[in-house]
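Chemist: I'll drop the sequence and a predicted model, then ask my questions.
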There are 2 protein chains.
Amino acid sequence: MRATVIHGPNDIRIEEVPDPVIQRPTDAVVRVLNACICGSDLWAYRGVAARQPGQRIGHEFLGVVEEVGREVAGVKAGDLVVAPFVWSDGVCDFCREGLQTSCPHGGFWGEVGSDGGQGEAVRVPFADGTLVKLPQEAVGDEKLLASLLALSDVMSTGHHAAVSAGVRPGATVAVVGDGAVGLCGVLAAHRLGAGRIIALGRHQARTDIARAFGATDVVAERGEAAIEAVRELTGGQGAHAVLEAVGTEESMRTAISITRDGGGVGYVGVPHGGSAGVDIGQMFNRNVSVGGGVAPARAYIPELLADVLAGTINPGLVFDRTVDLDGVPDGYRAMDDRSALKVRIAF
Amino acid sequence: MRATVIHGPNDIRIEEVPDPVIQRPTDAVVRVLNACICGSDLWAYRGVAARQPGQRIGHEFLGVVEEVGREVAGVKAGDLVVAPFVWSDGVCDFCREGLQTSCPHGGFWGEVGSDGGQGEAVRVPFADGTLVKLPQEAVGDEKLLASLLALSDVMSTGHHAAVSAGVRPGATVAVVGDGAVGLCGVLAAHRLGAGRIIALGRHQARTDIARAFGATDVVAERGEAAIEAVRELTGGQGAHAVLEAVGTEESMRTAISITRDGGGVGYVGVPHGGSAGVDIGQMFNRNVSVGGGVAPARAYIPELLADVLAGTINPGLVFDRTVDLDGVPDGYRAMDDRSALKVRIAF
């Protein structure tokens, strides 16, 4: 089969790789129908996150089950399924508690020795613990497929940010980051009943989506000016809940600074700024908490799926370009230079 | 009157100062019956936290109301009262929400221009918002007075750590710090129904109190060895909730490292290690949250007071030495060299 492989910074190739096969009785093989490129893939693309030359890449996909191991009971050949960006055994303490990202048998698509999501097929370990069935009718409905694909990571991650920040009905929420995760954070906050949602972003195509997702205010400033602007919008107090969806030192510092005393930052941007932006002195004096991390998408998919199927949320709006497998390297370039927000790969 | 004054590092004096008087109609003057020395006072004593020469010191006290301004309605002359370590107006958004430490009209005893708690009397701004009435029968009951005095800071702060860490019935809790706040954190976790409480500490007099307060395990190791020991006690997973009651880089690092994936650190140690100990990468991968800060003691005193009066908690056990006002400089020395855990001042 053919799959996306990363050889080094700015070196993404489509190559022939071995077909996936069932290796363990709990495996499934999924033929990929839709995948996508993640903002976090860009850290590898830019050489900030190290990868071994020839490593697979991509961690978001949905597709059709092709074959299952003899112990798999929850899905069968022909089922349409979505995979969260981490696989998990489904039976350990953490999986049962809904923190599948801490499953001791779990792993990330594309890590050494595993398939990546940006390929024609994927061997899925612990298929019962990992995959979530989707209605077959979605096949062929491109708009619906895009929203279902978003459950794999960005929508679940935006929801995690909102939950971790403590978004409550009526709350004033601010979202730092206008990438696909930040925009999904806006949507998640709106879904959870936020009374006011301030999106920080300066690209109109993105802030238009933010408004479509429920943002009531947009702040185009950055750094100190953004902090000032949010404080002004909130009577000097800041937001009850702040979603941090970037992962840099500046974004974390901004997030903490615009949080109302006693409020929370929910952070889901993969930290690339170390701890320097986590201003513990400010957090202490104002009782600002910081929570979040890698989102247990597997725990959230069922409830978010219900809303996607009901048509009440449409996270697929974050995809503004679709490519085929051969177009993936171009897709990386487009996301890297921000001419695309998020690229979907249709097989 | 006479009060404790700090002139510089290691220079604590008892001096004649002006008698406090009602300056605003919302003031009260309280004649101090009991005060104490706080671990956080030692940061000033050691010269780590800057003070102006001649500044008052001490922020924990209880006493008898001597006089009230004409707008004070909640307390009257002769009432026995306890003061939280921060005064607050009682009517702003934050006070009504129970985060009195963020009251825009609030302040800390001993800050420039205010009285400190370690003196014969104190002018109390916003007496209605600040003071909590105590039963008159406590006067003369030294054991009860000690526990009531602990509500002013250490017991309320330990409770804040437990609440901020998310202690739930049945939870496994670890407490970093064997000072008075850490020990009160043990008591607070026990009161909230923790199933297992691991106290980190190596001084037997202190760990004996920890056990009396509900600790089920004691870990004498520090640093990496402590992390190993807690992991071993918890089947490799760590504690659901960790209370950080020290405030150094190492203590925060230890606290985060011994928290179970998905769990929380409640930190109340005044941060003196910067953000270096806040390992955001570890927090992200394991979904460990960090919350807490300066405790809104005023919000907690009523519920904790009920338990002190019912005899179900006895936080006064943290006081292992009592001095009169002239003995205060010796009290600082004793706490500084750790020959005393916490010193009570009886007037």
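Modeler: Happy to help now that I have it. Numbers count the residues shown, from 1 in each chain, chains lettered A, B, ... in the order given.
Chemist: give the contact list for the spatially most central residue of chain A.
Modeler: By Cα atoms, centre = their mean, the mean C-alpha position of chain A lies nearest to residue A:154, the distance being 2.5 Å. Counting by Cβ atoms under 8 Å, 6 or more residues apart in numbering or on different chains, residue A:154 makes contact with A:38, A:60, A:180, A:181, A:184, A:315, A:318, A:342. To be clear about C-beta, it is placed using only N, CA and C from the backbone, and glycine gets the same treatment.
Chemist: ok, so of those residues, who is nearest residue A:31?
Modeler: residue A:60 (15.6 Å; Cβ to Cβ).
Chemist: Nearest spatial neighbour of the closest one, chain-adjacent residues omitted?
Modeler: residue A:152 (3.9 Å; Cβ to Cβ, 6 or more residues apart in numbering or on different chains).
Chemist: For the stretch 101-250 of chain A, which residues are neighbours of chain B?
Modeler: Counting by Cβ under 8 Å from any Cβ of the partner chain, the stretch 101-250 of chain A comes close to chain B at A:101, A:102, A:164, A:237.
Chemist: same thing but at 6 Å, please
Modeler: residue A:102 (Cβ under 6 Å from any Cβ of the partner chain).
Chemist: Residue of the stretch 101-250 of chain A closest to chain B, please.
Modeler: Going by Cβ to the nearest Cβ, chain B is nearest to residue A:102 of the stretch 101-250 of chain A, at 3.8 Å.
Chemist: which helix is the longest one in chain A?
Modeler: helix A:297-310 (DSSP state H).
Chemist: all helices of the stretch 101-250 of chain A, in order?
Modeler: Ranges of helices within the stretch 101-250 of chain A are A:127-130, A:142-150, A:154-165, A:180-191, A:204-213, A:223-233, A:249-257, based on DSSP state H, counting those that start in this stretch.
Chemist: among these, which is nearest residue B:272?
Modeler: The nearest among these, by Cβ to Cβ, is helix A:249-257 at 18.6 Å.
Chemist: could you give the angle of the closest one to helix A:154-165?
Modeler: 50 degrees (axes from the mean of the first three to the mean of the last three Cα atoms, to 10 degrees).
Chemist: Quick one: list the elements packing against helix A:249-257.
Modeler: strand A:172-176, strand A:239-244 (3 or more Cβ pairs under 6 Å, 6 or more residues apart in numbering or on different chains; DSSP states H and E).
Chemist: Let's see that with 7 Å instead.
Modeler: strand A:172-176, helix A:223-233, strand A:239-244, strand A:259-267, helix A:280-286 (3 or more Cβ pairs under 7 Å, 6 or more residues apart in numbering or on different chains; DSSP states H and E).
Chemist: Residue A:122: what's it in contact with?
Modeler: Counting by Cβ atoms under 7 Å, 6 or more residues apart in numbering or on different chains, residue A:122 touches A:20, A:30, A:32, A:61, A:109, A:115.
Chemist: swap in residue A:36?
Modeler: A:60, A:149, A:319, A:342, A:343, A:344, A:345.
Chemist: Pull stretch A:184-201 out as CSV, backbone CA atoms only.
Modeler: The C-alpha trace of stretch A:184-201 is given here as CSV (Å, rounded to 0.1, in the frame of the first residue of the first chain):
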residue,chain,number,x,y,z
CYS,A,184,-13.1,23.7,17.9
GLY,A,185,-12.6,25.0,21.4
VAL,A,186,-14.9,27.9,20.6
LEU,A,187,-17.5,25.4,19.4
ALA,A,188,-17.0,23.2,22.5
ALA,A,189,-17.4,26.2,24.8
HIS,A,190,-20.6,27.2,22.9
ARG,A,191,-21.9,23.6,23.2
LEU,A,192,-21.2,23.7,26.9
GLY,A,193,-23.3,26.8,27.3
ALA,A,194,-20.7,29.6,27.6
GLY,A,195,-22.4,33.0,27.8
ARG,A,196,-19.7,34.9,26.0
ILE,A,197,-16.8,33.6,23.9
ILE,A,198,-13.8,35.8,23.1
ALA,A,199,-11.7,34.4,20.3
LEU,A,200,-8.1,35.7,19.9
GLY,A,201,-7.2,35.6,16.3
